[in-house]
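# Sequence and predicted structure are below.
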Amino acid sequence: MLRNKMLAIVACLAIAGVATAQSTDFTVTNNSGAAQSKLAMTFAGAGSHTNLVPISWPGGCASPTVLVNPDDTITLDFATDCVMPGLTVKIRVQPSTGVSCLSGVWTNVALATAPVACGADVASAAGPAIPTVSQWGLIVMTLLLLTAATVIFARRRPTTVHSH
């Protein structure tokens with residue numbers, strides 16, 4: 001009976017402590033007129049706690065080498081000029097509160113650069129809500145786990161004495 005009550009309490013509090021972190025997907029189109037190998041994007045308001053991740057790129061490109069700098073810049077290096085004109089690269093920014101495209105630049109293997117126009121070349125859309133647990137939810141779950149462990153381990157079992 002006690003075990004069922006504990007499980008019900010843990011389930012209710014775990015559900016109550018769940019929050020969601022919203023993400024934004026930025027789709028960057030290569031409108032430079034030439035094949036490109038590297039994309040560097042700077043985001044305003046991202047900060048050091050923001051996760052910048054590439055989530056899609058053209059099929060002819062290998063997985064990019066990703067460099068995230070503390071100045072809110074992410075660089076995707078495909079090593080070859082595989083991002084043809086008109087093709088897109090999608091970057092997920094999470095959490096996305098107050099984050100916007102500040103600037104960007106395409107670079108090809110010959111080191112020729114082409115600017116990315118944040119208004120025309122970059123589209124943003126809300127990404128999927130990612131479930132997370134708030135700090136208070138973690139504290140409550142930890143306390144419940146410690147309480148349950150104390151109750152379970154504190155039970156004394158009768159010992160039997162064997163005599164010869």
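Noted; the coordinates are in hand. Numbers count the residues shown, from 1 in each chain.

# Look up how far Asp77 lies from the closest residue to Asp81 other than its chain neighbours.
Leaving aside its sequence neighbours, Asp81 sits nearest to Ala35 (CB to CB, 6 or more residues apart in numbering; 3.8 Å). Where you see a C-beta, it was placed from the backbone N, CA and C, and this is true even at glycine. Distance of Ala35 to Asp77, given as CB to CB, to the nearest Å: 14 Å.

# about what we covered before: show me the contacts for the residue nearest to Asp81.
Counting by CB atoms under 8 Å, 6 or more residues apart in numbering, Ala35 touches 81-85, 108.

# Bridged to the nearest residue to Lys38 once chain neighbours are set aside, which residues?
Closest residue in space to Lys38, ignoring its immediate chain neighbours: Thr107 at 4.2 Å, by CB to CB, 6+ apart. Beta-bridge pairing of Thr107 under DSSP bridges involves Lys38, Thr113.

# what about the helices in the protein?
2-16, 135-154 (DSSP state H).

# which of those has the lowest average pLDDT?
Mean pLDDT per stretch puts helix 2-16 lowest among the helices of the chain, at a mean of 53.
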